[in-house]
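**Student:** just the structure for this:
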Amino acid sequence: MSRVGKYPVSVPAGVTVSLNGGVVTAKGKLGELSLPLVTDAVEVEINGSEVAVKPLGSDRRSRTLWGTTRSLINGMCVGVSTGFTKSMEINGTGYRATVQGSDLVLSLGYSHEIRYKVPAGIKITCERPTAIKVEGYDKQRVGQVAAEIRAFRGPEPYKGKGVRYTDEIILRKEGKKK
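**Tutor:** Numbering: from 1, shown residues only. A predicted model of the protein is given here:
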């Protein structure tokens, strides 16, 4: 029995969830998201302000997709109502970030600036030159954009220089001894 899948998804106020064919759609103040269902493995029922997901069989595939589908539908409902945020910090001498138009410009110790084109549906802000905030209504896209920014210069273990998530803990290594 799935520990995640057995609980119904509560739909927040201002969000409408509909089921058309094999596609679940959630509309809210921030946007609209849709999820194609695996119709031979799970079944979705909408009862007022709750969405219930049930497996169609007791095989392994149905049971794994049961919790995954419930989690994806919950992420859609939260995303279109409140949205998701990833905060990042930049550590290092001369490392900084700015937003110019629809580009994020990063100075990360390379011989050139890195210009990252901000995708549609994502908002990037820099409160300080060393702080980046990625916001959006699609949880997967927010995480993907944050991971792509972090990949330009990941944190190194000796001095901690690079781009890291705010809640990330970097395991530091001891430098060489004399």
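**Student:** what's the spacing between the longest helix belonging to the chain and its chain's center?
**Tutor:** Assignment by DSSP state H gives helix 60-81 as the longest helix of the chain. Here helix 60-81 shows a centroid-to-chain-centroid distance of 14 Å under the convention CA atoms, centre = their mean, to the nearest Å.
**Student:** please apply the same query to stretch 46-64.
**Tutor:** Chain-centre distance of stretch 46-64: 23 Å, with CA atoms, centre = their mean.
**Student:** number of residues surrounding the nearest residue to V53 once chain neighbours are set aside?
**Tutor:** Of all residues not flanking V53 in the chain, R70 sits nearest, at 4.4 Å (CB to CB, 6 or more residues apart in numbering). Just so you know, the C-beta spots here come from the backbone N, C-alpha and C atoms, and that holds for glycine as well. Residues near R70, counting by other CB atoms under 10 Å, number 23.
**Student:** what does the one 4 residues further on give?
**Tutor:** Counted with other CB under 10 Å, the burial measure for N74 works out to 20 neighbours.
**Student:** about what we covered before: now do the residue nearest to V53 against I124, distance only.
**Tutor:** 30 Å (CB to CB, to the nearest Å).
**Student:** for L19, same thing?
**Tutor:** For L19, the distance to I124 equals 33 Å [CB to CB].
**Student:** which stretches of the chain form helices?
**Tutor:** So, for the chain - with DSSP H - the helices run 60-81, 139-152.
**Student:** tell me the most buried of those helices?
**Tutor:** helix 60-81 (a mean of 19; mean count of other CB atoms under 10 Å).
**Student:** mind checking pLDDT for G136?
**Tutor:** We note a pLDDT of 93 for G136 in this prediction.
**Student:** for burial, what's the neighbour tally of it?
**Tutor:** By other CB under 10 Å, 25 other residues sit near G136.
**Student:** now do the contacts for it.
**Tutor:** If you count contacts by CB atoms under 8 Å, 6 or more residues apart in numbering, G136 has them with 79, 83-84, 121-123, 142, 145.
**Student:** in contact with P55, which residues?
**Tutor:** Going by CB under 8 Å, 6+ apart, P55 touches 2, 5, 41-43, 62-63, 65-66.
**Student:** try 7 Å this time
**Tutor:** 41-42, 62-63, 66 (CB atoms under 7 Å, 6 or more residues apart in numbering).
**Student:** which pair in those residues spans the largest distance?
**Tutor:** Using CB to CB, those span at most 9.6 Å, a distance reached by V42 and R63.
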